[in-house]
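**Q** what shape does this take:
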Amino acid sequence: MASNREEQELQQRVFADKCRRLHAHLLGTKALLNDIGEYNRTKWPVHYPLARMARANETYSSNTAGSSQPSSLRRSNSMIYSDTSTLMDGGLAPTPVRRSMTAEDAHGLGSSRSNAGAADASERLLDPNDLSVLKLDLRLSYHADSDVMGSLEESSIARLFDERLSQCEVHIDKLIARVIDKSSKILVTGDLNAGKSTLVNALLRREILPFDQQPCTMLFCEVVDASQNGGVEEIHAVPDIERYNRQDPATFVRVSMNELEDIVMENDEHYQQLKIYSQDKRNDDESLLHNGVVDVALIDSPGLNRDSLKTTQLFARQEEIDVVVFVVNAENHFTLSGQDFLLNAGNEKAHIFIVVNRFDAIRRKDRCERMILDQIRDLSPLTYEERQDLVHFVSARDLLAADDSSAAPAESFSRMEKCLRSFTLEQRFKSKLAPAQRYAMNVLFDIQYLAAENVAAATKRIQEINAVLRESMPKYETLLQERTESSKQAEAILDGSCLEVRRHTTAHLTNTTVHLQDVCEKVAYPGLLSLWTYAESVLLTMVRHLEHEVKECDRFASFTIQQAHNELSQLEAQRRLLDTSAEAKPAAGALDAPKGGDVWDDGTGSSVSASQLASIGSISNALDTVQLELSDFVDLDFSHNWGALTSISASASLTLFASKSMASNMLALLRLSSTMGASTARRLIVGTAMLIGVGSVFYVVSDMDATVRRKLSTRVSLMLKQEGFVEHHAERLTTETSRAVRPFVWHLQHTFGRMVEAEERRRADHLRRRHVAQDSQIYFDELRAKAQELASAVRAVSTDVGI
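**A** Predicted coordinates:
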């Protein structure tokens, strides 16, 4: 007796140690999921393995070719144990958990994925069906040649995956609560009218829950031992199960046994759950609720397919349950809703306790048993392997129909009850901890699969980016070189054009101002009476000639601008050959060829003509104010006629002295002068002087037109020189040339700069993406190692004996 007690205490300590270790590993698994979710949202959208529908169709065809069962019953991602008997609490360690679709260990995922990628780069390395818990259920129909998931954007898949991670974290929180909770909860569920309430009453040996030939249970009914309520039998109707506290009457409503049937069948008050405290006066070794080992709760549930809300609640409720007792109507077998429920529960519960009720009504029992077992084999392989202990064919109604309540139950029911007690109380690791362990293992294997997929995806992205960078490097270097050369050439064209305009304008206008007098020789001289008008005409002709020559310089500047534009257009054409982007098309008005006369485009869409290069309404401020003066008509400077006068004097002298009678004439003149008186001589001299004066005046008057031209040209030239006329127009046209050509140079340099910046942005973006991919490669490689290490620790919970 003492040895049995010591053995039970040892088993309790071992179980407590396993609970503590599994609790820690569940927290570690949740931390990994949280870390993946954070990384998925902020750094790298987790690459989800997408399968092409054609490949999925081939898999579908191969799975269904040799079986009459629908493919939805086949699970390619089941986690199986090679020896399920070792999952017994305190028994031998189970073999490592593995997927039924592969025999490779998790550490071989990376190499196998690389080989698969090398074999066919067009195919995904993993099929989503390889995932178990983290599989995205899109519930989408597809055509044979479509890729439904592949059509989704990466961000959309990342959001769906993030939601799935959050659901897994919530589920792990429930598993942690179940591991911490020392009690065991048994959920009795199944299809409508399968006899669930009848089974619960048969297990309690009391007709507590109402039952009928029609579906009657409308809400969850949890039956616990009255010892948890101070030994008092009561029924609490709970509006909000999260706030329920049996010591706080405000959180529940007491219900009498007479009201129980109406509430269970109608639930007009919309209670969430009934809490039924019941006494079981049987011995500890006979009672399931009052067992002396652990607190047990029997939960009767509404049938599947009653309505979508109840079904959804039932699917969610099973996550809080340690043991699922699935009741099957022997007349109906497993319905589609039942199959879906078992597949969903199979994510964590490898073993489902199945009770086939109303088996007494079946005439060919062997055939019914064989068909149901075939379904169980597809739905839950491990349950099928232990079908002797987990699958029972009974008739709960016979036990309740017996007149003597103390009568022994049928052998089949008695064996079922014994196996359920053993599964719940003696095999607590298998019934309570193994589901949490199984779920954690599924999650960790999914993490390893996804980590391997993302390592391969990151590696592939790094290789692609490196290839792009290598291919674009020559283009980038050529672009830099062409930008430098084009910029130098454009600046040289600009400087050369300005220098040419300056030189031409300086030389041309200097020559013009020097030869102003020659321009006026064609002006007709109307005579002395119209001398003033003639002077005005001469001055106007000079001004117009200057204007004409300035315009000529303007036209030369315009021609130079056109030449520069043509050369810059050639450079622009060379640039466009290097630009392959969508922006390479020239914008309207940018470096277009001139059309119609001396018209150019400055790159901004506005036209600039030669006559508009600078306003020349007044080519000189001095000419605007010039006025005729008397000095312009008199020229006392005979230096410009000195040569002519000298020639005349010389000729007269030679003629005089060459005469044969020159000596005699002179002597006669002397004798004549000596015979004259002084007054006569004076008159002669005065007359001679007057004659000379009249001749001089006549000469001056006859040379008046030349004097006017000479004086005006001299004065105008002097005024223009003092004003800096030549330098002003040379500077003006140089500035206007620079102003007209500079926008084209800037445009060329700017477009080259934009090309270089765009290429540098592309390269910087590639480098950033490569850096992210490299970080992700390291992260997911470390994540795979962490998940593998944690999976080994989770597996060791069942393999190690414990303390």
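
**Q** for stretch 261-271, how far is the first residue from the last?
**A** End-to-end distance for stretch 261-271, by Cα to Cα, to the nearest Å: 14 Å.

**Q** who's in contact with it?
**A** Stretch 261-271 is touched from outside by 209-210, 212, 216-219, 221, 237-239, 253, 255, 274, with contacts defined as Cβ atoms under 8 Å, 6 or more residues apart in numbering. Yep, even glycine has a C-beta here, placed from its N, CA and C like the rest.

**Q** of these, which one scores lowest on pLDDT?
**A** Of all the contacts of stretch 261-271, Cys216 has the smallest pLDDT value, namely 64.

**Q** longest helix of this structure?
**A** helix 434-514 (DSSP state H).

**Q** packing partners for the following helix or strand past it?
**A** Downstream of helix 434-514, the next assigned helix or strand under DSSP states H and E is helix 516-519. Judged by 3 or more Cβ pairs under 8 Å, 6 or more residues apart in numbering; DSSP states H and E, helix 516-519 is in contact with helix 531-578, helix 704-723.

**Q** what comes into contact with helix 516-519?
**A** Taking Cβ under 8 Å, 6+ apart as the rule, helix 516-519 contacts Thr541, Met542, His545, Leu546, Arg709, Arg710, Ser713, Thr714, Val716, Ser717.

**Q** and the helices and strands packed on helix 516-519, which one averages the lowest pLDDT?
**A** Note on the helices and strands packed on helix 516-519: lowest mean pLDDT is at helix 704-723, with a mean of 77.

**Q** could you tell me the angle between the helix or strand immediately after it in the chain and helix 531-578?
**A** Per DSSP H and E, the first helix or strand lying C-terminal to helix 704-723 is helix 725-799. Here helix 725-799 points in a direction 20 degrees away from that of helix 531-578 (axes from the mean of the first three to the mean of the last three Cα atoms, to 10 degrees).

**Q** I figured Leu199 was touching Val188, is that so?
**A** Yes: using Cβ atoms under 8 Å, Leu199 makes contact with Val188 at a distance of 6.1 Å.

**Q** got any residues that touch both of these two?
**A** Jointly contacting Leu199 and Val188 under the rule Cβ under 8 Å, 6+ apart are Val325, Val327.

**Q** residues touching Gly190, list them.
**A** So Gly190 contacts Lys196, Gly303, Leu304, Phe326, Val327, Val328, Asn329, Gly338 (Cβ under 8 Å, 6+ apart).

**Q** dump these into JSON lines; add secondary structure, pLDDT and distance to Gly527 as well.
**A** Converted to JSON lines, the contacts of Gly190 look like this (DSSP: H, G, I helix; E, B strand; the rest coil; pLDDT from 0 to 100; distance: Cβ to Cβ, whole Å):
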{"residue": "Lys196", "secondary structure": "helix", "pLDDT": "88", "distance to Gly527": "141"}
{"residue": "Gly303", "secondary structure": "coil", "pLDDT": "81", "distance to Gly527": "136"}
{"residue": "Leu304", "secondary structure": "strand", "pLDDT": "81", "distance to Gly527": "132"}
{"residue": "Phe326", "secondary structure": "strand", "pLDDT": "93", "distance to Gly527": "138"}
{"residue": "Val327", "secondary structure": "strand", "pLDDT": "93", "distance to Gly527": "142"}
{"residue": "Val328", "secondary structure": "strand", "pLDDT": "92", "distance to Gly527": "141"}
{"residue": "Asn329", "secondary structure": "strand", "pLDDT": "89", "distance to Gly527": "142"}
{"residue": "Gly338", "secondary structure": "helix", "pLDDT": "86", "distance to Gly527": "134"}
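
**Q** list just the nearest of the contacts of helix 516-519 to Arg364.
**A** The closest of the contacts of helix 516-519 to Arg364 turns out to be Leu546 (Cβ to Cβ; 128.2 Å).

**Q** that closest one and His508, how far apart?
**A** To His508, Leu546 is 11 Å away according to Cβ to Cβ, to the nearest Å.

**Q** who has more neighbours out of these two?
**A** Leu546 (23 against 17; other Cβ atoms under 10 Å).

**Q** ok, for Leu136, nearest residue in space, not its chain neighbours?
**A** Leu160 (5.3 Å; Cβ to Cβ, 6 or more residues apart in numbering).
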